[in-house]
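In: Need coordinates for the below:
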Amino acid sequence: MKAREVEGLEPGEPLRPNAARIVNTRLGELRALIEPALDPGAAEAQHDLRIAAKRLRYVLEITGLCFGEEATAARRAARQLQGILGEIHDCDVMLPGAAGIESLQALLRTHRALLFRRFNELVQAQASAGVWAALERSLQ
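Out: Alright, predicted model coming up:
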């Protein structure tokens, strides 16, 4: 997945306005990918969401001090998404290599299904807590 270009960056401006533009762009990427990734069979969308979470997390690690506790909470949430989606991706990558070993394939499918349920619960919890909306408000 190619990162969206960040528009309106001004090298002469203070850090906060430029950082807000970058974070807002990365947050938009992440939010656009959540719904498609909730389809259990959408491995590519889940992988893309993992990459978007990683990008948002990294920019928040650098600029989070500009946006307060909301940025800290969002960074943690992005890290959680990145982690669970990474484990799901590991299962997706290992499954083809387990061809012909039915017990291993069954184990990987079962583990992936469990991880996907955890991912779904995490997304719901983050939405209920308003993590992404709070981050968006802090960028204003």
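In: State the distance from Ala45 to Leu95.
Out: Look at Ala45 and Leu95: by CB to CB, to the nearest Å, they are 17 Å apart. The way it works is simple: take the backbone N, C-alpha and C, and place the C-beta from them, glycine included.
In: Sorry, slip of the keys, the one I care about is Glu69.
Out: Separation of Glu69 from Leu95 (CB to CB) stands at 40 Å.
In: who has more neighbours, the two?
Out: Leu95 (15 against 10; other CB atoms under 10 Å).
In: Helix, strand, or coil at that one?
Out: With DSSP: H, G, I helix; E, B strand; the rest coil as the basis, Leu95 sits in helix.
In: tell me the centre residue of the protein?
Out: Among the residues of the chain, the one closest to the centroid is Ala53, at 2.6 Å (CA atoms, centre = their mean).
In: Give me the mean pLDDT for the host helix or strand of that one.
Out: Assigned by DSSP states H and E, Ala53 belongs to helix 43-63. For helix 43-63, the mean pLDDT works out to 98.
In: So that it lines up with my notes, have the first residue be 805 from now on.
Out: Sounds good: first residue 805 from here, last item helix 847-867.
In: For Trp884, pull up the helix or strand it's in.
Out: One correction, residue 884 is Gln, not Trp. Taking DSSP H and E as the definition, one finds Gln884 inside helix 873-901.
In: how far does that helix sit from the chain's center?
Out: Offset of helix 873-901 from its chain centre (CA atoms, centre = their mean, to the nearest Å): 7 Å.
In: Over to stretch 927-944?
Out: Distance, centroid of stretch 927-944 to centroid of chain: 13 Å (CA atoms, centre = their mean).
In: how about that stretch: buried residues?
Out: Val927, Gln930, Val935, Trp936, Ala938, Leu939, Glu940, Ser942, Leu943 (16 or more other CB atoms under 10 Å).
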